[in-house]
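> Here is the input, now give the coordinates:
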Amino acid sequence: MGKFKHFHVVFLAGFALTAFFSLPRPIRHARESLVQTMLEMTKHFRFAIMLHGAFALTVLVHSQDQLGFISIDCGIPDDSSYKDGITDINYTSDSTFTDTGVNGNISPEYRTNSLEQQFWTVHSFPEGTKNCYTLSPSSGKDRNYLIRAKFMYGNYDGEGKTPTFDLYLGVNRWDTVAVSDASSTIPKEIIHLSSSEDIYVCLVNTGFGTPFISVLELRPLPNDTYIPKSGSLELFDRANCGLVNQTYRYKDDVFDRIWSPFGASQWRNISTIQPVSSGNSYQLPSVVMSTAVTPFTTNDSIGLYWSPNNATSQYYFYMHFAEIENLQANQSREFNIFLNGDLWYKALSPRYLVATTIYSPTYRTKPDSETKFKIWINKTETSTLPPILNAIEIYTVNQLLQAQTDQKDDSKPQFVDHEIRNLSSSGLTGEIAPFISNLTMIQYLDLSNNSLKGTIPTFLSQLLLLQVLNLQNNSLSGSIPMELIERSNKGLLLLSVGGNPNLASDGGNTNPNSCVSSPCKKKKNVVVPVVTAVVGFAILSLCGIALLWHLKRRKKDVPAGEVIFVSNEQGRVLESKKQQFTYSEVLRITNNFASVIAKGGFGTVYHGYFDGLQVAVKMLSPSSVQGYKEFQAEVGNNYF
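Below is the predicted model of the structure:
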């Protein structure tokens, strides 16, 4: 991973100094640093917090022996393996994970002494459009996994032509791999809750060179960590603050997260030789939490900013803090955290040598007026010391489709080249291309978040296998073809057209909504999960006590090894009364249906937690003696 560029320090009379540093994407495109004066922040939000229990020691033991790890060095001889001399990770060949493609070695001039062994070889796929690796983790389905793929071209083919190709997770597009030069290493990392026993990582030839891969890794994670509202979390950056030239991963990190260093001469890098405890489920490495960055002077702030490549990007933030200086009786460190000018967390005072993780269960979508995302960490008026930051993780949401292959099929998924086309946020302009009419096998077509104009072509209604058509957030006009509306009304097509202000749904009335018919608004699933809040007096009292305690607290320490759960201004309990949840979300809410409350005429009722609230999850059984409409009626009466 690359280094941050240098900083500029400027003093302005009457203002506290604030310096920003650029937080780059994983491929480390350096951005210019930004110096701004600190603005007066007056907007305050209320927070609802949820303190999670300490993580069981058995998880630490479980992870340290690489149990559940899948580590593939792509391109080494078939059926071979070795232990990495630096990380002690056991790597194996890819011969048992894919039966297509060929092995290759990078050119000798790129095999430097500092290059990791896993980049010495590649596995390329000169034939076929889509080639897949089959990963069958021992932890099985309904589990959170960190999946990481790495690429280095190294002129393995002697052609000197860097390729561009797509990376898929099953039938869903994960990302594009664009190789800029032969010596660059490109990591792609995603945290994904798998709903199937097998996970397919696929490389797709898009016509711009032969796909290849250097390394493929899978790591199991606890299901109560890294929980998006929906979709999967794609790594934007993971920074170890206060360190200059050392990258940490396994064995220091039991989950093998890779922590890249950040340090600069214009900031004061502080550290401790004492171990830092991490009793929460994120199991932060002590060596990462034992360093931090802090401003040189008391009134300075810590600032981070970046310009998103996509204005619709959805971000999740995980900030990790620990006090690593033994403060004197007359010293205090307390600070507020702002996201894009909004108060995100108030009066945090990290505990000495104890890690605290602060995260938000909802994403922050809108950058400020300068089209940048900004994080400010400012000392409070009563604090005698400036703020600190030990580590930070930032993820973007990847809304993967939920289509799965038949679990009875013990071979690779039977992908057809044109089953899915995910072209969301691809910068498409003009009218919808006529060539799509040739994709007769297509089932999913996502053209959302582009700049398409013109009418919706009637040939889309002739794609008889099409199940999902997403045209949201374009500049389409005219009427929706009646054939598409009829298929949608019959439940044969999930049609989404919101965000097209000039589009009429039925020949005259402009339709601003995302859905044009009942199947989009009310999906007919075999199992219908409904989450209803348990609103007993005791729970409401506890929530009230927690809120009052948080609003009044100033210098109280955060309990050891805890995770602080930051909700939005109003709190989850005041959000929309009726919500839809994916199957993976229900698994997280119920901890894999671990606790049964009761069984009734409709089916089983499970206990769970949703954004810190206790909830009951009622599942309609296919064998229920009562009907779907009756089930919906009962659910409707349970909302408040």
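> Any stretches of the stretch 301-450 of the chain with poor pLDDT?
361-362, 364-365, 401-421, 441 (pLDDT under 70).
> hmm, 80 instead?
Counting by pLDDT under 80, the stretch 301-450 of the chain has low-confidence residues at 309-312, 360-371, 400-427, 435, 437-441, 443-444.
> Tell me the helices and strands packed up against whichever strand or helix holds P187.
Assigned by DSSP states H and E, P187 falls within strand 185-194. Here strand 185-194 touches strand 143-152, strand 164-169, strand 172-178, strand 232-241, helix 583-590, going by 3 or more CB pairs under 8 Å, 6 or more residues apart in numbering; DSSP states H and E. The way it works is simple: take the backbone N, C-alpha and C, and place the C-beta from them, glycine included.
> and the fourth one, which strands flank it?
Read that as strand 232-241. Strand partners for strand 232-241, identified by DSSP bridges, are recorded as strand 185-194 (antiparallel), strand 260-262 (parallel), strand 391-398 (antiparallel).
> Tabulate the ones you listed in JSON lines, adding columns for mean neighbour count and distance to V177.
Shown next, in JSON lines, are the strands paired with strand 232-241 (neighbours: other CB atoms under 10 Å; distance: least, CB to CB, whole Å):
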{"stretch": "strand 185-194", "mean neighbour count": "22", "distance to V177": "6"}
{"stretch": "strand 260-262", "mean neighbour count": "22", "distance to V177": "19"}
{"stretch": "strand 391-398", "mean neighbour count": "21", "distance to V177": "15"}
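> can you put those strands in CSV and add distance to G491?
Below are the strands paired with strand 232-241 laid out as CSV (distance: least, CB to CB, whole Å):
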stretch, distance to G491
strand 185-194, 27
strand 260-262, 48
strand 391-398, 27
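> out of those strands, which comes closest to L146?
L146 lies closest to strand 185-194 among the strands paired with strand 232-241, at 5.4 Å (CB to CB).
> Can I get the closest one in CSV? Just the C-alpha atoms.
Only the C-alpha atoms of strand 185-194 are listed here, as CSV (Å, rounded to 0.1, in the frame of the first residue of the first chain):
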residue,chain,number,x,y,z
THR,A,185,-0.3,-4.7,-7.0
ILE,A,186,-4.1,-4.3,-6.9
PRO,A,187,-6.1,-5.6,-3.9
LYS,A,188,-9.8,-6.0,-3.9
GLU,A,189,-11.5,-6.8,-0.6
ILE,A,190,-15.1,-7.3,0.4
ILE,A,191,-17.0,-8.5,3.5
HIS,A,192,-19.9,-10.7,2.5
LEU,A,193,-22.5,-12.7,4.3
SER,A,194,-22.8,-15.9,2.3
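> Report the angle between it and strand 164-169.
Angle of strand 185-194 versus strand 164-169, following axes from the mean of the first three to the mean of the last three CA atoms, to 10 degrees, is 20 degrees.
> Residues contacting strand 185-194, please?
Contacting residues not belonging to strand 185-194 are listed as 26-27, 119, 137, 141-152, 167, 169, 174-175, 177-179, 199, 214, 221, 223, 226, 232-235, 258, 395, 398, 400, 584, 587-588 [CB atoms under 8 Å, 6 or more residues apart in numbering].
> same thing but at 7 Å, please
26-27, 119, 141, 143-152, 167, 169, 174-175, 177, 179, 221, 226, 232-235, 398, 584, 587-588 (CB atoms under 7 Å, 6 or more residues apart in numbering).
> same thing with stretch 97-116?
In this structure, residues lying in contact with stretch 97-116 by CB under 7 Å, 6+ apart are 72, 75, 119-126, 128, 131-135, 152, 154-157, 182-183.
> repeat that with 8 Å
Contacts of stretch 97-116 (CB under 8 Å, 6+ apart): 72, 75-77, 86, 119-128, 131-135, 152-158, 182-183, 212, 216.
> Buried subset of these as a ChimeraX selection?
Only the buried entries of the contacts of stretch 97-116 go into this ChimeraX selection, using 16 or more other CB atoms under 10 Å:
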select :72,75,76,119,120,121,122,123,124,125,131,132,133,134,135,152,153,154,155,156,157,182,183,212,216
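> Please name the residues that touch K161.
Counting by CB under 8 Å, 6+ apart, K161 touches G209.
> May I ask which helix or strand encompasses it?
K161 belongs to no helix or strand, assigned by DSSP H and E.
> returning to that earlier point: TSV please, covering the helices and strands packed on strand 185-194 and showing mean pLDDT and distance to S448.
Putting these into TSV (pLDDT from 0 to 100; distance: least, CB to CB, whole Å) gives the following:
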stretch	mean pLDDT	distance to S448
strand 143-152	98	24
strand 164-169	95	17
strand 172-178	94	13
strand 232-241	96	17
helix 583-590	72	21
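> burial measure for G430, as a count.
Look at G430: counted by other CB atoms under 10 Å, it has 10 neighbours.
> you'd agree it is up against L452?
Yes. Contact criterion CB atoms under 8 Å: G430 and L452 qualify, at 7.0 Å.
> All the strands of the stretch 401-550 of the chain, in order from the start?
For the stretch 401-550 of the chain, strands defined by DSSP state E, counting those that start in this stretch occupy the ranges 420-422, 429-430, 444-446, 451-454, 468-470, 475-479, 494-496, 502-504, 529-533.
> Need the ones you listed in TSV (columns: distance to Y352).
Below are the strands of the stretch 401-550 of the chain laid out as TSV (distance: least, CB to CB, whole Å):
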stretch	distance to Y352
strand 420-422	48
strand 429-430	56
strand 444-446	49
strand 451-454	53
strand 468-470	50
strand 475-479	56
strand 494-496	51
strand 502-504	59
strand 529-533	38
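> now for those strands, which one comes closest to I337?
The closest of the strands of the stretch 401-550 of the chain to I337 is strand 529-533. By CB to CB, the value is 28.2 Å.
> which stretches of the stretch 451-600 of the chain have low pLDDT?
Low-confidence segments of the stretch 451-600 of the chain, defined by pLDDT under 80: 465, 490-492, 505-600.
> among the strands paired with strand 232-241, which is nearest Q314?
Between Q314 and these, the shortest gap by CB to CB is with strand 391-398, which sits at 3.9 Å.
> ok, residues contacting the closest one?
By CB under 8 Å, 6+ apart, strand 391-398 touches 23, 172, 174-175, 190-191, 226, 228, 230-241, 259, 284, 288-289, 304, 313-320, 363.
> From the residues you listed, list just the buried residues.
Buried members of those, counted by 16+ other CB under 10 Å: 23, 172, 174-175, 190-191, 226, 228, 231-241, 259, 284, 288-289, 304, 313-320, 363.
> Would you mind giving the domain segments of the chain?
17-55+233-398, 66-221, 420-521, 529-638 (automatic domain parsing).
> give me the element V244 is part of.
For V244, there is no host helix or strand (DSSP H and E).
> Leaving out chain neighbours, which residue sits closest to it?
G263 (3.8 Å; CB to CB, 6 or more residues apart in numbering).
> Tell me who's in contact with the one you found.
Neighbour list for G263: 241-245, 269, 293 [criterion: CB under 8 Å, 6+ apart].
> V276 too?
Each residue near V276 by CB under 8 Å, 6+ apart is listed here: 284, 286, 289-290, 322, 324, 353-355.
> Now intersect those residues with the helices, please.
Judged by DSSP state H, those include 286, 289 as members of helices.
> Looking at the contacts of V276, spot the one nearest Q274.
Lowest distance from Q274 to these (CB to CB) belongs to L353, with 5.7 Å.
> How about that closest one, nearest residue that isn't a chain neighbour?
Take L353 and drop its neighbours on the chain: the residue closest to it by CB to CB, 6+ apart is V276, 5.1 Å away.
> Helix, strand, or coil at the closest residue to C241 other than its chain neighbours?
Nearest non-adjacent residue to C241, counting by CB to CB, 6+ apart: V293, 4.2 Å away. At V293 the chain is in strand, as set by DSSP: H, G, I helix; E, B strand; the rest coil.
> What about V293, how many residues nearby?
24.
> pretty sure it is touching R268, no?
Yes. Between V293 and R268 there is a contact under CB under 8 Å: 7.3 Å.
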